[in-house]
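Enquirer: Provided below are the primary sequence and the corresponding predicted coordinates.
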Amino acid sequence: MSSPSPAPLLREFIDIPERTSMSDFVLKLADSVADADATLRDYVVTDRLVGNFDEALGLIRSAIEGHASKAAYLHGSFGSGKSHFMAVLHALLRGEAAARGRDELAPLVAKHSVWLDGRKFLLVPYHLLDARSLEQRVLGGYVDRVRALHPDAPIPAVHRTDSLLEQAASLREKIGDKQFIDGLPGGDAEDEWGESETFWTSERLDQAFAGAYSDELRRKLVNDLLTSWNKGFFSNAREDAEAFVSLDRGLTEISRHAKELGYHGLILFLDELILWLANSIGDQQFVSREIQKITNFVEGGDTRRPIPVVSFIARQRDLRELVGEEVTGANELSYQDTLNLASGRFDVIKLEDRNLPEIARRRLLKPRDTTAGEAIGRAFDATTKVRREVFDTLLGTDSGSGADIDAFRSTYPFSPAFLSTLVHVSSALQRSRTALKLMRQLLVDRRDTLRLGQLVPLGDLYDVISGGGDQPFTEKLKAEFEMAQKLYDLKLRPYLLGQYDLTDDDLDAARRGDVQPAEMAGRIRAFTGDDRLIKTLLLAALAPSVPALRNLTARRLSALNHGSITSPIPGGEVAQVNRKLADWAGRFAEIRIGEGDDPIVSLELVGVDVDSVLATAKHYDNEGARKHIVQRLLWQQLGVPWSDSFFAEAGLTWRGSRRTIELVYGNVRDPHDIRDEAFHPNDPAGWRMIIDYPFDDGSHGPADDRQRVQELTSRMSPRTVCWIPAALTIERRTELGKLVIIDKLLEGQRFDSHAEHLNPDDRRRAHAALTNQRSALLAKMQAVLRQAYGLAGKQPTDVQLGFDDHLQSLTRALEPKLPMGATFNDALRSIGDQMLGQQFPAHPDFDPDRKGEAVRLPDVKVVLDHVRRAVESPEGRVEVDRANRQILRRIANPLQLGTMHEAAFVIEGQWTQHFHRRAAAEGITGDLRVADLLRWIDDPSPRGLDPIVAQLVVATFAEQTDRAFHLHGSEVIPAPEPGRVTADHTLREQRLPGEEDWDIARARSAAVFGVQPLALRRGRLVAMFGRDLVTNATRHREAAHGLVARLQQHASWLKMDQESGRLATARAAADLLETLVNGRSAVEAVERLARAELAGPADRTGRSISSASQVSAALAAAPWDTFEIVAGLPEPHAAEAAAIFAELRRVAQADELTAPLAPALRRAQADATALLRRATRKVPVVDVPEGDQDKPEFVQPRRPIDQHTPRDPEFAVDKPSGRVSVTAGDLDRAVEQLRAFAADQGDASIEVTWRIVP
C-alpha cells in the first residue's frame, strides 16, 4: 500500500517570494510624505487605527485652539506601523485626496474638517539614532527640512553664532567694509526692510555685530553670512552637538520661523528617540542631560511660542522600563523622577498589536484567489480540531494573551501565540525589522517545505531573530544573546547533530530540496523537531516575560511547535518531549526541569564553564559510589528511611494491617556479597526482599543473578523474593558516574576547593548550574531505574533489552508479578500484598479502598463497645452514630463479628460457633485458654491478624458467651480490653445471681440508690451492678451510721420507738450498707441486697439513706437547751409549749419518707423561740425614786441580754432588769445606783454589760 501524497505547498495558495528585500515593509517617513498616494495604497486602515487617528487629530486641535504645545507618545511594537501612521496623519492634515478619499477615514475627515480646512501644518520627521544631542538633531533637522521645502526662506536662528560673528568681524577687518559688504547677499529687489538697494552699510554692520541674540538685525546678518561668507558652517554644525542654542529656545525659534512661513502648527515626529536614549543608557552623564530636555516639547521658559509645537514621539518600550533594567541607585531615582514628570505631561496614543492580524492578512497572507482562500479555510478548520489543550496554547488562552478564533484564521499559518511572541521578542532582541518583515522572512525560508495545513513552529522564530544581524536593546540583553548563541553553536546543536548522526551538509541538502533516503529524511525530521524545542527554550531564556514563553512545560512546548514532534498515540508527543527534556537536562547544566506530572522547564544562560570544575573531581566516580547513589534513589522512591546500611525494614499497610518487610541491597549473583544465609529473613514469620543494582562487573548480567536464585531454590524455601533489574546502557552508566561526581562536589564545602580557578561570581553561577544539573540527573535516573526494575517500558537508549524476569521467589508457592506503570512505592506494596496474601490467604481486608489506613486501637475499642451494646440488647442490634458507622463497616464486617447495616449494627455468632466446634473437637470443656482461641483463629486457613484485632475477636467471644477473664486463677476486673489481653488469660463462665434475686435487687437498687441496671442478667452487667452497689454503699455508709447515732441520742426526749418508725428504718439502712460494703463479690452484693431485711418498703430505706446527712445535720443544730426551757414554762405558756413539742415528736417517730424531720425541727425552734420571747416581755419596768430624777435612767430592755437561759426555769422569770446610758463623767453615780438596786435583790445573780454608744 502506497503512502498518501503530501499536502501541496503553501506557496501555491499565497504569494511567497523567493527572497526578501531590505526595503520590504519599511517606510521612510520623508519619502512617504512626498508620495501620499503610494503610502495610502498599501495602508490597511482598521477600526482601531481610525480611533488612533481621531486621538492624534484631537491632540493637534487642542494645541491649535488652546495655543499650547502638546506632545504624545506614539506607542507600538515593531511593525505596528508608526511611520505609516504619521505619514497618513500628515496626509490628513494636508487634505490629500488619497487620504480624504479612503472610505474608512470618511467619518474622521467629516468630524475634523471644521477646524482643519484652511490651516497649514509643517511636518518635520526625525530619526534620532546616532544623534549627538536633541538640539543637534531636532533643530538641525528643522533647518534641513525647511531648506528642502523653502530653499529661499531665511535660516532660523537656532545656531550658536558668537563664534560665527567673531570670524566674520575678523574677516571684515581684514578685507574692509566694501569687499565684505559686496560678499553679502543684496540686490535691487526689495527685502523685508523695504530697501531696493544694497542693504548693508558700515553703520548697520556695526549695529548687527553689537546686537543681542534676539535682535532682528543680528539675525539678518547671521542669515546672510550663512548663505555667503560662511556656507560651510551648515556641514560643521550638523555634526556638532554644541553648535545649537538650547532646545527650549530653539523650539520657540522654529515656532516663530514656521509661522513666518505661513504655517499654523508645527508637527514634529521623533522616531527612535527612546531607542537612542536606551543605547546610551550606560553613559549616565549624557542620558541625564538629554532626559532633562524631554519636557521642553510641552513647556519651556518662554511659553509664548508663536504657533503650537505638537510632538509625536515613537516608542516601542517605555524608557522607564529600560532605566529600571540598566540603571540602579540614585541615578535611577533621578531618571525616573524626570521621566515620570514628562510622562505626566505627554499623552499616549497606543497602536495596538491587535491590528497586526488584519494587516498581515491583507498584506502578507492574502490568498491568490477564491479557490485558494477556500482551501486555506478548510486547512484552518482541520487545525481547530486538534486537542483542546493544544488549541488553547496556540490561541494563547493558557498564558493570558489569548486571541479569538477569527484572529487565528486571519494569520494562519501563524498562531496567535506565535504572533504575540514575535511582537514581544522582536521588541527586545532586534530593532530594524518589523513584525511583517520577520513573518515574510519565515515564509521565504520555508517556501519549499511549508505545506498547507502546517503551522509555523515557534522555534523557527529563533533563526530569523538570530540570523538578521540585529543587536538587542541593552548591554545585558546583548551579553545574554551572545551566551545563548554560543551555547547553541558549541554545545546544543553539536549534540543534536551527533545524536541523529547528521552533518550541516545533510541539513543544507534537505533545505535545498535534494532527494533524501527515507531513513535520513526521518533523522532530519527528528533533528528539526528537537532543534525547535531547544530554540524555543533559548527564546524563553532571552525573553522570559513573554506570556507564551512563561512557565514552559512539555505540553506547551509541544503545542507551540505543533507538528514538529509526532506520535502514533494521541497526546503521546508530550511524553516524548518529557523524555527529551529529561535527557537534555541531565546533559546540560543550563537546562532545568521542575517537579510534578507536567513540570516547568527552563534554560538558564550561565556563561560559566562547569566542565572545568567536573574535570577536577573525576576520582569520585567508582563502583562503590555508584552502588551507593542507586541505593539512595531506590530507598527514596520505595519510601524507606535512608541509612548508610545495606539492610533496612520497609513498613507497609497490608489490608489494614501494619507489616514490615526486610530489605537487603546487594549483588544477588555474588556469594561473597550476599551469603546463602542472608536469603533467610531474621523473623521466621516475616518476609525478606533482596534488591540488586542495575550494573555488574565484567561480562556478568541479570541472567547470572537469576541462575543463582534458581540454584538456591532447589536447596531452600525461605520467605524471600529477589528483585533483579536489567542492566543500564553504557551511556546511562556514564551519566550515573556524572551524577556521582556532581553529588560529591556539592557535598559540604567540597565545591569551593574544586572551583578555586573561578572568580566568586562565576563560582556562584557554576554552583547553581551544577545544582540544577544534579536535580535533572536525579530525576532522569529515577525514570531510568523504573525501566531497569521493570516498572516502565524499556527504552534501548536507557537499559539493555532482553531481561524481564525481575522478580525471583525462593518460596515455591509464590510467583510474584510486577505492576507495570506503578511507582516503586506502589510496587513494593503490590509485592508485599502478594507475599502476605500467600502467607495469610484468609486475612480480612480492612482497607478495601487502598488508602493505607491501618486498624488502630481506638477503632478496635469503638467496635468492641458496639459489640457489647449489641450483645446486651434483646434484639442483638444497636443503632450506630454516623461518625462510627464506617469504622464498624470497615472492621466488624470483614472480621465477621456482625454486620453494619445502613444505620444499625447486628451481632452475629460465627466466631462463637467456630470456637465451640474447635473446643469440642479437642475435648476441651470449662475454662478456655486465650492461647487456644488465638490458635483457632488461624484454623482452617491462616489469617495472620494483628494482635489487637485477634484480641478483639477474643473479647467479642467473651462478651457473647458471658465469660470473664481470669489470670492465675483470679478474675481480672475490669476485663482487659484489646491491647491488654495476653495468651496467659483464660475465659471462665461466670456465676450469676438467681433470677428472683436479680429482679428484687434491681427493684431495690432503683428505690434505694436510684440506680437500675439493664434487665439482661449477664456476667458483665452483674459485675457492673455489684460494683455500683458497693460504690453507693460505701458513699452513704458513714452518714447512715451517723444518723442512727443522732437519733439514738435524742430518742428518749423525742419518745421514738426502738422497733419501728424512723429509728428502726435508719438502723436497717445502716445494716444494709454495711452488708453490701463487706460483700466478697458482685454476685454476693446483689444477693445481699435482694435478701436484706429492710424494716419496711425499700423506698423508705432509700429515703433514710439519701437524707441521712441532712437529717443528722438538722439534729445536731437543733437548740435542745432552749427546747428544755420552753418545755418548762409555767402557765399561761405551758400548754402552747406542749403542743409545739408534741408535733415535733410525732414527726420524729415517723420515717423520713412519711414526714421529713429537718423542716419539723426548724418549725419547733421558731415556735419555741417566739414563745420564750413573749414570756420574757412580762417583766415590769423598775421605778426611779423622785429624789433621783437627775440620776441616769434605767430603760426596760426589748429582749433578754443573755440568750443562754439558765437551766432553772424559775430563775430570772418576772425579775426586774434595766439599762442605763451615761457619760463617762456620770459613771460613779450609775455604779452607786446599781449597788442600791442589787441590795434589794437579795442573793440574786446580776449580769452587767457595757458598750460605747456613738
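Expert: The structure has been received and is ready for your questions.

Enquirer: For the stretch 351-500 of the chain, give me the ranges with low pLDDT.
Expert: Within the stretch 351-500 of the chain, the segments meeting pLDDT under 70 span 353-355, 398-403, 426-434, 468-476.

Enquirer: quick one, strands of it?
Expert: Under the criterion DSSP state E, counting those that start in this stretch, the stretch 351-500 of the chain carries no strands.

Enquirer: Quickly list the domain ranges of the chain.
Expert: According to automatic domain parsing, the chain comprises the domains 35-152+246-350, 159-243, 355-605, 612-839, 857-989, 998-1174, 1179-1254.

Enquirer: can you pull the contacts of residue 250?
Expert: The neighbourhood of residue 250, defined by CB atoms under 8 Å, 6 or more residues apart in numbering, consists of 135, 138, 139, 158, 244. Bear in mind the C-beta positions are built from the backbone N, C-alpha and C, glycine included.

Enquirer: what's the nearest residue to it if we skip its chain neighbours?
Expert: Among residues not flanking residue 250 along the chain, residue 139 sits closest, at 4.2 Å (CB to CB, 6 or more residues apart in numbering).

Enquirer: List the contacts of the one you found.
Expert: For residue 139, the contact set (CB under 8 Å, 6+ apart) comprises 156, 158, 244, 245, 247, 250, 253, 254.

Enquirer: Might you calculate how far the host helix or strand of residue 558 sits from the centre of the chain?
Expert: Secondary structure from DSSP states H and E places residue 558 in helix 554-560. Remark: helix 554-560 is offset 25 Å from the chain centroid, using CA atoms, centre = their mean, to the nearest Å.

Enquirer: repeat for stretch 438-456
Expert: In this view, stretch 438-456 has its centroid 43 Å away from the chain centroid, taken as CA atoms, centre = their mean.

Enquirer: Buried residues of that stretch, list them for me.
Expert: 438-447, 450-456 (16 or more other CB atoms under 10 Å).

Enquirer: A helix includes residue 268, no?
Expert: No. Judged by DSSP: H, G, I helix; E, B strand; the rest coil, residue 268 forms no part of a helix; its state is strand.

Enquirer: Count residues in the vicinity of the residue nearest to it when sequence neighbours are not counted, would you?
Expert: Among residues not flanking residue 268 along the chain, residue 311 sits closest, at 4.4 Å (CB to CB, 6+ apart). Using other CB atoms under 10 Å, residue 311 is surrounded by 26 other residues.

Enquirer: State the mean pLDDT of the helix or strand hosting residue 311.
Expert: Using DSSP H and E, residue 311 falls within strand 309-315. Mean per-residue pLDDT for strand 309-315: 89.

Enquirer: residues in contact with it?
Expert: So strand 309-315 is in contact with 56, 59-60, 63, 69-76, 82-83, 86, 89, 251, 254-255, 265-274, 297-298, 346, 349, going by CB under 8 Å, 6+ apart.

Enquirer: Show me those residues that map onto strands.
Expert: 70-75, 265-271, 349 (DSSP state E).

Enquirer: wait, which of the residues you listed is closest to residue 627?
Expert: Proximity of these to residue 627 (CB to CB) peaks at residue 75, which lies at 62.3 Å.

Enquirer: buried stuff in stretch 1020-1040?
Expert: Within stretch 1020-1040, the residues that qualify as buried are 1020-1023, 1025-1026, 1028-1030, 1032-1033, 1036-1037, 1039-1040, counting by 16+ other CB under 10 Å.
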